[in-house]
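K.L.:
no sequence for this one, just the structure:
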């Protein structure tokens, strides 16, 4: 058997390979651009979700702090239950501290009379620092800082000028509450 010498022509094969290579290079660069855009979009989404998670973590931390404070307050209520009960019993007997705002008919001056039960225990001239005078009165009555104290503020709202002086007294009582801790104030307007 005789073999013929046949020349091999790879020109058409080379053309096809180059066309396929050109196709992959051309569309491969399009895919790289699209992949870069997708990567940037994914990065932006990741950063947005990370910011949302940080905000949620901050909210949860604030909520945890609020819950811890509420837990401490409730634990304090349980710890102060005996003192609270004694204060309520004294209030029920009419033996708690009452601050009665009075004005003499002819005088422009107001007085804040402190009464425990039916016994006068002191007098505060509005203009004095009520936030310091009330805790001093409570200490004089035998209470210590942190003890539960119920105070009743009584005034006659029909007397001219009462509104302004009541605002000052109530402001002083709020400051005293902040300093004392377990000071509770109720107000009674006896006007008709």
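P.N.:
Structure received. Given the structure is predicted, the values throughout are model-derived calculations rather than measurements. Residues are numbered from 1 along each chain as shown.
K.L.:
Does the residue nearest the centre of the chain lie in a helix or a strand, and which?
P.N.:
Geometric centre of the chain, nearest residue: residue 66, 6.7 Å, by C-alpha atoms, centre = their mean. Assigned by DSSP states H and E, residue 66 falls within helix 11-79.
K.L.:
how distant is that helix from the center of its chain?
P.N.:
33 Å (C-alpha atoms, centre = their mean, to the nearest Å).
K.L.:
now swap in stretch 108-125 and tell me
P.N.:
36 Å.
K.L.:
Same question for that stretch: list its buried residues.
P.N.:
Residues of stretch 108-125 classed as buried by neighbour count (16 or more other C-beta atoms under 10 Å): 110, 112, 114, 115, 116, 122, 123, 124. All C-beta atoms are positioned from the backbone trio N, CA, C, and that covers glycine.
K.L.:
Now for the residues you listed: which two are most distant?
P.N.:
110 and 116 (20.5 Å; C-beta to C-beta).
K.L.:
What strand or helix carries the residue nearest to residue 189 when sequence neighbours are not counted?
P.N.:
Leaving aside its sequence neighbours, residue 189 sits nearest to residue 157 (C-beta to C-beta, 6 or more residues apart in numbering; 4.4 Å). Taking DSSP H and E as the definition, residue 157 sits outside all helices and strands.
K.L.:
from memory residue 157 sits against residue 163, does it?
P.N.:
Yes: look at residue 157 against residue 163 with C-beta atoms under 8 Å: they come within range, at 7.4 Å.
K.L.:
dump the residue contacts of residue 15.
P.N.:
Under the criterion of C-beta atoms under 8 Å, 6 or more residues apart in numbering, residue 15 has no neighbours.
K.L.:
Could you check the pLDDT of it?
P.N.:
pLDDT, residue 15: 86.
K.L.:
so how far is residue 116 from it?
P.N.:
Applying C-beta to C-beta, to the nearest Å, the value for residue 15 to residue 116 is 113 Å.
K.L.:
again, but for residue 186
P.N.:
16 Å.
K.L.:
which stretches of this protein have low pLDDT?
P.N.:
Where the chain drops to pLDDT under 70, the residues are 1-3, 28-33, 76-88, 90-95, 105, 126-128, 192.
K.L.:
Can you give the domain ranges for it?
P.N.:
What automatic domain parsing lists as the domains of the chain is 1-79, 94-189.
K.L.:
looking at these, which is buried most?
P.N.:
With neighbours taken as mean count of other C-beta atoms under 10 Å, the domains of the chain reach their highest mean count in domain 94-189, at a mean of 16.
K.L.:
which SS class is residue 159?
P.N.:
coil (DSSP: H, G, I helix; E, B strand; the rest coil).
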